[in-house]
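S.K.: Model the structure of this input:
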Amino acid sequence: MLKRVQSVYYTVKDMDRAAAFYDKVFGMKLKFRDGNKWTQLDGGNVSVALSSKEESASAEGGAVVAFEVEDIGAFEARLKDAGAEIIQRRDMGSHGKVLAFRDSEGNIVQVFAKA
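M.R.: Reported below is the predicted structural model:
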């Protein structure tokens, strides 16, 4: 039986660049870092981590993390300021809005805002 989600992670090529991106865009603070092998960030109720290819279970990547934000319009401005590539905008009516983008390493990330 599941105890909890321990972390969600992306495989990255440039640990410094990726860690700086998540700090700048989300304000995620560093919890733990093992050189260029692994970086653990504070994602609130779950840790968001960045992994080297050597430490990753999947060198190809593949995780998608969806973060909830208050104001998707304001958040999109932060993404543009950080140089993120916006790849999808979706209005789900009474459910809210979703915005998908590529982070500094090319991983797909989503943000969601309730209506």
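S.K.: Tell me which other helices or strands the lowest-mean-pLDDT helix or strand in the chain touches.
M.R.: Least confident helix or strand of the chain, by mean pLDDT, DSSP states H and E, is strand 65-68 with a mean of 84. Here strand 65-68 touches strand 108-114, going by 3 or more CB pairs under 8 Å, 6 or more residues apart in numbering; DSSP states H and E. Backbone N, C-alpha and C define where each C-beta goes, glycine included.
S.K.: Show me the contact partners of the strand it packs on.
M.R.: 64-72, 75, 87, 95-103 (CB atoms under 8 Å, 6 or more residues apart in numbering).
S.K.: Cross those against strands and list the overlap.
M.R.: Val65, Ala66, Phe67, Glu68, Ile87, Gly96, Lys97, Val98, Leu99, Ala100, Phe101, Arg102 (DSSP state E).
S.K.: how much space between Arg89 and Lys97?
M.R.: If you measure Arg89 against Lys97 using CB to CB, to the nearest Å, the figure is 7 Å.
S.K.: Could you do Val12 as well?
M.R.: 27 Å.
S.K.: The top helix by length along the chain - what's its average pLDDT?
M.R.: For the chain, the helix with the greatest residue count under DSSP state H is helix 15-26. Helix 15-26 shows a mean pLDDT of 95.
S.K.: Tell me how far that helix lies from the chain's centre.
M.R.: Put simply, helix 15-26 sits 9 Å off its chain's centre (CA atoms, centre = their mean, to the nearest Å).
S.K.: quick one: low-confidence ranges for the protein?
M.R.: 1-3, 5, 57-61 (pLDDT under 70).
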